[in-house]
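Enquirer: Have a look at this prediction, sequence included:
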Amino acid sequence: MLKIMLPTIMLLPTTMLCKPKQLWITMLTHSFGIAFLSLQWFKPSMEFTSFSNHYLGVDQISAPLLILTCWLSPLMVLASQNHLTKEPVTRKRTFISTIILLQASLILAFSATELIMFFMAFEATLIPTLVIITRWGNQMERLNAGTYFLFYTLIGSLPLLIALLSLHTQNGTMSLCTIQLNQHAMLNSWTHTTWWFALLTAFMIKMPLYGLHLWLPKAHVEAPIA
């Protein structure tokens with residue numbers, strides 16, 4: 001995990017200190033190196049979670065998501081070069097830094113074994129995504145699209161936070177490994193149904209599920225190519 005996370009973080013100072021003429025090629029070379037390095041997670045023998053520490057781990061579900069995330073930066077940069085040709089160097093650096101922060105947040109979210117850490121990383125992806133939509137969107141309605149995206153995500157995050165706090169009260173921990181050992185019988189009651197609905201609301205908005213997808217058309221139309 002550190003083989004991926006540390007180079008991703010080091011992309012930030014590399015982007016800020018790199019010469020303007022070498023910015024794109026340096027960013028692409030570095031990010032493609034991280035992307036190819038992430039292919040090591042394709043292990044057919046990975047039957048259990050591989051932990052790098054008490055808070056980060058990779059299993060068969062998170063490994064493909066992490067690999068797709070690591071390919072996010074180079075592909076977004078490739079798709080955005082023509083769009084940013086006339087932009088000043090400072091804005092180019094800001095755009096690349098925003099992509100790096102988005103990728104780092106997604107890596108933390110997909111590899112977190114602590115639910116509160118997952119929640120923080122999951123919601124942290126909102127900030128760079130919002131900046132990309134509102135600043136580098138193609139159309140004039142990008143601010144409106146960013147507002148839709150912001151409020152829908154925040155509305156979904158509050159029930160998720162309440163559900164996680166309720167889960168912590170019930171189990172006394174936020175660790176996924178410990179929660180699996182404390183398997184309580186699920187009662188078929190209105191309380192548990194409401195609890196599960198609150199837990200899934202944020203994910204239904206992000207997927208997005210029909211009826212909760214009103215932010216999606218605006219965000220996709222107004223967002224830049226990347």
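Expert: Happy to help now that I have it.

Enquirer: quick one: residue 50 and residue 62 touch, right?
Expert: No. Using Cβ atoms under 8 Å, residue 50 is not in contact with residue 62; the gap is 9.8 Å. (Each C-beta comes from the backbone N, C-alpha and C, glycine too.)

Enquirer: And the strands in the protein?
Expert: Counting by DSSP state E, one finds strands in the chain at the ranges 50-51, 57-58.

Enquirer: Any buried residues in the longest helix seen in the chain, and which?
Expert: The longest helix of the chain (DSSP state H) is helix 142-171. By neighbour count with 16 or more other Cβ atoms under 10 Å, helix 142-171 contains the buried residues 142, 145-150, 152-153, 156-157, 159-160, 163-164, 167, 171.

Enquirer: again with stretch 89-96
Expert: Buried residues in stretch 89-96, counted by 16+ other Cβ under 10 Å: 92, 93, 94, 95, 96.

Enquirer: Tell me the spacing between the residue nearest the centre of the chain and residue 4.
Expert: Centroid-nearest residue in the chain, with Cα atoms, centre = their mean: residue 106, separated by 2.8 Å. According to Cβ to Cβ, to the nearest Å, residue 106 and residue 4 sit 11 Å apart.

Enquirer: on that earlier part again, which of residue 50 and residue 62 has more neighbours?
Expert: Taking other Cβ atoms under 10 Å, residue 50 and residue 62 do not tie; residue 62 has more neighbours (21 against 16).
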